[in-house]
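>>> take a look and give me a structure for this.
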Amino acid sequence: MPFFLHTNPDIGLWKETPVKSLPLPAVSVQPGSIWSLSTQGNAGGYAWRLPKPVVWSAVERVSWRWKAQRHPDPRNTGLIGLFKPLADDAAVRVGFVFDSGASNLPLPEAWKTETDRDNISHVIFHNLVSQHHKPSCSSSPLTRHITYRNVPHAESTRFALHQETPESISTCLPAAEALSETSRLIGIWVFADSDDSRSQSKAALQLPQIKLSSP
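Numbers count the residues shown, from 1 in each chain. I've put the predicted structure just below:
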């Protein structure tokens with residue numbers, strides 16, 4: 001019988017993950033596990049550690065609903081725009097944090113006070129971006145151990161359902177970062193940014209739920 005693991009919407013249980021000295025995105029929590037996120041030229045996120053790691057082979061599907069009410073300006077500003085015209089910003093990013101045994105990325109500082117037993121091997125972010133972007137999978141400019149999947153959507157007042165399976169996520173990862181059946185999902189990371197474009201964004205996210213083949 002399938003079993004659903006629901007993301008805890010209580011933002012007090014999530015750890016802040018700021019970017020340098022920038023203010024964090026503003027978040028308001030709505031009924032129905034919905035977060036409303038907004039940025040004004042800033043960037044950052046919130047990470048939730050699963051109460052218990054989930055073996056990846058037990059996952060059937062992950063799903064969430066989202067909408068972009070205002071996308072960041074797609075253009076980079078300042079000197080960076082001369083070399084990279086399209087901004088690396090997203091109204092919201094939904095990330096999945098994996099431990100495959102290799103310590104490729106440092107644990108978020110806020111997680112270190114809890115336990116250091118888990119490693120971060122890879123993070124894959126699904127980015128809600130404007131239609132100026134094409135659907136794509138690529139490595140983060142920061143490290144190959146973070147993958148970006150860009151999902152273009154028009155601005156809307158209506159939620160869109162997004163679903164991923166282990167197979168669809170695997171097709172987005174480079175071979176060197178492939179997940180195995182023993183890889184473990186250890187956390188969910190929600191992020192938003194408009195710092196490259198120095199613009200504004202507004203989005204809403206109904207937090208992910210994970211469908212498992214067994215508890």
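>>> only C-alpha atoms for contact and neighbour calcs from this point on.
OK.
>>> hang on, Arg61 packs against Leu212?
Yes: contact criterion C-alpha atoms under 8 Å: Arg61 and Leu212 qualify, at 7.2 Å.
>>> quick one, which of these two is more surrounded?
Leu212 (20 against 17; other C-alpha atoms under 10 Å).
>>> need the contact list for that one.
2-5, 58-61 (C-alpha atoms under 8 Å, 6 or more residues apart in numbering).
>>> reformat the residues you listed as a markdown table; add distance to His133 and pLDDT.
Formatted as a markdown table, those follow (distance: C-alpha to C-alpha, whole Å; pLDDT from 0 to 100):
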| residue | distance to His133 | pLDDT |
| --- | --- | --- |
| Pro2 | 36 | 74 |
| Phe3 | 35 | 88 |
| Phe4 | 32 | 92 |
| Leu5 | 32 | 93 |
| Ala58 | 33 | 94 |
| Val59 | 29 | 95 |
| Glu60 | 29 | 95 |
| Arg61 | 25 | 96 |
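>>> now a PyMOL select for only the buried ones of these.
Applying 16 or more other C-alpha atoms under 10 Å to the contacts of Leu212, the buried members can be selected in PyMOL as follows:
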select buried, resi 4+58+59+60+61
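>>> C-terminal to the helix or strand of the chain with the lowest mean pLDDT, which secondary structure element comes first?
Lowest on mean pLDDT, DSSP states H and E among the helices and strands of the chain sits helix 80-83, with a mean of 56. From helix 80-83 onward toward the C-terminus, using DSSP states H and E, the following helix or strand is strand 90-99.
>>> elements contacting that following strand?
strand 59-70, strand 122-129, strand 184-193, strand 200-212 (3 or more C-alpha pairs under 8 Å, 6 or more residues apart in numbering; DSSP states H and E).
>>> what is whichever helix or strand comes after the second one packed up against?
Of the helices and strands lying after strand 122-129 in sequence (DSSP H and E), the nearest is strand 136-139. Under the contact criterion of 3+ C-alpha pairs under 8 Å, 6+ apart, the helices and strands touching strand 136-139 comprise strand 146-152.
>>> tell me how far the strand it packs on lies from the chain's centre.
Distance of strand 146-152 from the chain centroid (C-alpha atoms, centre = their mean, to the nearest Å) equals 9 Å.
>>> list the contacts of that strand.
For strand 146-152, using C-alpha under 8 Å, 6+ apart, the contacting residues are 122-140, 172-173.
>>> give me that answer again for 7 Å
122-131, 133-140, 173 (C-alpha atoms under 7 Å, 6 or more residues apart in numbering).
>>> quick one: mean pLDDT for that strand?
Strand 146-152 shows a mean pLDDT of 95.
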